[in-house]
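> My questions concern the predicted model and sequence given below.
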2 protein chains.
Amino acid sequence: MTLPVLLMLVHDGSSVTAVEERDPALPQVGVLDLGVTRGDGVFESIGVVGGRPQALEAHLARLVRSAELLDLPRPDVDVWRSAILRGIEIAGSEALESELLVKLVLTRGLEGGSAPTGWVHVFDSGDYSGDRAGIAVVTLDRGYRSDVAVTSPWLLQGAKTLSYAVNKAALREAARRGADDVVFVSSDGIVLEGPNSTVIALLDGVYVTTPPSLGVLEGTTQAAFFADAEARGAAVEYRAFTVEELRRASAVWLASSGRQIAPVVSLDGVELSGDPASTSETLKRLLAR
Amino acid sequence: MTLPVLLMLVHDGSSVTAVEERDPALPQVGVLDLGVTRGDGVFESIGVVGGRPQALEAHLARLVRSAELLDLPRPDVDVWRSAILRGIEIAGSEALESELLVKLVLTRGLEGGSAPTGWVHVFDSGDYSGDRAGIAVVTLDRGYRSDVAVTSPWLLQGAKTLSYAVNKAALREAARRGADDVVFVSSDGIVLEGPNSTVIALLDGVYVTTPPSLGVLEGTTQAAFFADAEARGAAVEYRAFTVEELRRASAVWLASSGRQIAPVVSLDGVELSGDPASTSETLKRLLAR
């Protein structure tokens, strides 16, 4: 067992001066790190299937974009990419036998210091077969209007930050309602995203997702889903759509890096028929990327 | 120099089994701790003046309330209180010579584990004389309606969580606008709170603050300010007030544990006269608590 693997990116100022393998079972983060005292940092989770990191460049680009939204030092994507590949190499045969996740974390570093904290953590992703078979979802108000990314950039919508307490609270609320996951809705009734996923709805034969201009994350797995759909001649569209449209969709999926796609089989307690055959075929192609 | 002092509250399940003094310069938090990977935890900052922790019981009560809003194990206030007092005792003469801050942190602990992570960190609070002389403040839209604490408890308004990336981003936005601090305003125009403070406005001779029912934190320093004002025969009121009322206030303060009260000398670039003599007298009494 070589997993989990932890590589710390040792910074001097904004530059990485060393990438050190460390024991993830030992404490590695200081109590003054703004990542833990303020959730002040960004992250990415990359799926690894058959030893291949999926959508690697899209994840690196999103890490850079998130860092920019938080005024963090710009991550050197070459350094991060090579740490990711080294982590998967250390995992060795385990990377070929299991699905893995690679988590990238970049915090503002120690309070009063001048360097960010960064690491790459590679671990077994666990079993997604339940979610891939179907999930029950509830819609929850995200509280924000759909235009806040434009009017109020300090709300950091569109950045994948470490401040995910609300996302976790929403998932606990879903569990209280007997559901597995959440679709966030804006205060003006527009479908946004899941706490850890992108929403894709099949509306009148077109695969639709919310545009990132509304402050949702650019979905790396949703982008692969769209590319796959277009390759098969299907129509795809980025547009704002309402929760009423979502309820009438012929199929709905939540897309994310680890579980790939999870078909929504019930929405706010109402059964959705979906398209199990197409889900199963798409999942195979996404895993084979 | 004994400061800073770090006491880790070692948990077995939800119970604290030991309080251990540790070196705050060494890493103490795991990379799987949900405090750092998800900002999933709560905190408090307690001012210590002349060796006396201020509003200790109010801070402990708020820690319990925040933990409850996040479905964290209920903190044992007796254990936390005794760790706080022990930390101040270790600080010794430094606690008498300088103002200190005691930071309490409680996270959901290691992902997949069963115990929270907790610590008490005692350190020199630094110099607040600048802020106490006067701060320039800008109003920023918090994005939420003033009723979200009631309609959408999963947004965790009213909990002092570790997910403060938005609060930090708002302060950077203030700096870009040449200001020192922020007053958050709801999307329906109600004054909420600062990123780390409670707003107090003197409106028609009455000291007014936003009621916690609107999802703002219960201010421990604001409560002491109100108690002091009432003791002097002044009128105080908890009520929703608009940003237009704030602009007409005869004086505005931001109240928080470390700096006590900071008088607002300009709001969105417009000078506020305030009441320097009364600020100075109130500050003295707050420090003498």
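Noted; the coordinates are in hand.

> what's the neighbour count on A:Glu237?
12 (other C-beta atoms under 10 Å in any protein chain shown). The way it works is simple: take the backbone N, C-alpha and C, and place the C-beta from them, glycine included.

> residues contacting the residue in chain A that chain B sits nearest to?
Closest approach between chain A and chain B, counting by C-beta to the nearest C-beta: A:Gly39, at 2.6 Å. Residues near A:Gly39 by C-beta atoms under 8 Å, 6 or more residues apart in numbering or on different chains: A:Thr161, A:Leu162, A:Ser163, A:Tyr164, A:Ala165, B:Arg38, B:Gly39, B:Thr161, B:Leu162, B:Ser163, B:Tyr164, B:Ala165.

> likewise A:Val183?
Counting by C-beta under 8 Å, 6+ apart, A:Val183 touches A:137-140, A:191-194, A:199, A:243, A:246, A:254, A:267.

> quick one: which of these sit in strands?
A:Val137, A:Val138, A:Thr139, A:Leu140, A:Val199, A:Leu254, A:Leu267 (DSSP state E).

> Top of those by number of neighbours, please.
Highest count within the ones in strands among the contacts of A:Val183 by other C-beta under 10 Å belongs to A:Leu254, 28 neighbours.

> what's the spacing between the closest residue to that residue other than its chain neighbours and A:Val36?
Distances taken as C-beta to C-beta, 6 or more residues apart in numbering or on different chains place A:Ser197 nearest to A:Leu254, at 3.9 Å, with adjacent residues excluded. Distance check for A:Ser197 against A:Val36: by C-beta to C-beta, to the nearest Å, it reads 25 Å.

> okay, the two: which has more neighbours?
Legend: neighbour count by other C-beta under 10 Å for A:Ser197 and A:Val36, higher for A:Val36 (30 against 26).

> Give me the phi and psi angles of the more buried one.
A:Val36 adopts backbone torsions of phi -90, psi -30, taken as degrees, to the nearest 10.

> A:Ala175 too?
phi -60, psi -40.

> Using JSON lines, lay out the contacts of A:Gly39 together with distance to A:Val5 and secondary structure.
JSON lines is the format used below for these (distance: C-beta to C-beta, whole Å; DSSP: H, G, I helix; E, B strand; the rest coil):
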{"residue": "A:Thr161", "distance to A:Val5": "24", "secondary structure": "strand"}
{"residue": "A:Leu162", "distance to A:Val5": "21", "secondary structure": "coil"}
{"residue": "A:Ser163", "distance to A:Val5": "26", "secondary structure": "coil"}
{"residue": "A:Tyr164", "distance to A:Val5": "23", "secondary structure": "coil"}
{"residue": "A:Ala165", "distance to A:Val5": "27", "secondary structure": "helix"}
{"residue": "B:Arg38", "distance to A:Val5": "21", "secondary structure": "coil"}
{"residue": "B:Gly39", "distance to A:Val5": "24", "secondary structure": "coil"}
{"residue": "B:Thr161", "distance to A:Val5": "30", "secondary structure": "strand"}
{"residue": "B:Leu162", "distance to A:Val5": "26", "secondary structure": "coil"}
{"residue": "B:Ser163", "distance to A:Val5": "27", "secondary structure": "coil"}
{"residue": "B:Tyr164", "distance to A:Val5": "30", "secondary structure": "coil"}
{"residue": "B:Ala165", "distance to A:Val5": "27", "secondary structure": "helix"}
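
> so which helix or strand takes in A:Gly126?
Per DSSP states H and E: A:Gly126 is located in neither a helix nor a strand.

> and it, what is it in contact with?
Applying C-beta under 8 Å, 6+ apart, the residues near A:Gly126 are A:Gly258.

> any idea which element the residue lying closest to A:Arg52 once chain neighbours are set aside lies in?
Distances taken as C-beta to C-beta, 6+ apart place A:Arg289 nearest to A:Arg52, at 7.1 Å, with adjacent residues excluded. Assigned by DSSP H and E, A:Arg289 falls within no helix or strand.

> which residues does A:Arg289 contact?
Contacts of A:Arg289 by C-beta under 8 Å, 6+ apart are A:Val49, A:Arg52, A:Gln54, A:Ala55, A:Ala224.

> Save these as a markdown table, and put in pLDDT too.
What follows is the contacts of A:Arg289, written out as a markdown table (pLDDT from 0 to 100):
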| residue | pLDDT |
| --- | --- |
| A:Val49 | 97 |
| A:Arg52 | 96 |
| A:Gln54 | 98 |
| A:Ala55 | 98 |
| A:Ala224 | 98 |
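
> Can you select the buried ones among those for me in PyMOL?
Buried members of those, defined by 16 or more other C-beta atoms under 10 Å in any protein chain shown, are picked up in PyMOL with:
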select buried, chain A and resi 49+54+55+224
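
> Next step: the contacts of A:Arg289 restricted to strands.
Per DSSP E, those map to strands at A:Val49, A:Arg52.

> how about the residues of the stretch 101-250 of chain A that lie near chain B?
When proximity is defined by C-beta under 8 Å from any C-beta of the partner chain, the stretch 101-250 of chain A lies next to chain B at A:103, A:105, A:107-108, A:119, A:121, A:140-145, A:148, A:151-156, A:159, A:161-170, A:172-173, A:187.

> hmm, 7 Å instead?
Contact residues (C-beta under 7 Å from any C-beta of the partner chain) of the stretch 101-250 of chain A with chain B: A:105, A:119, A:121, A:140-141, A:143-145, A:148, A:151-152, A:154-156, A:161-166, A:168-170, A:172-173, A:187.
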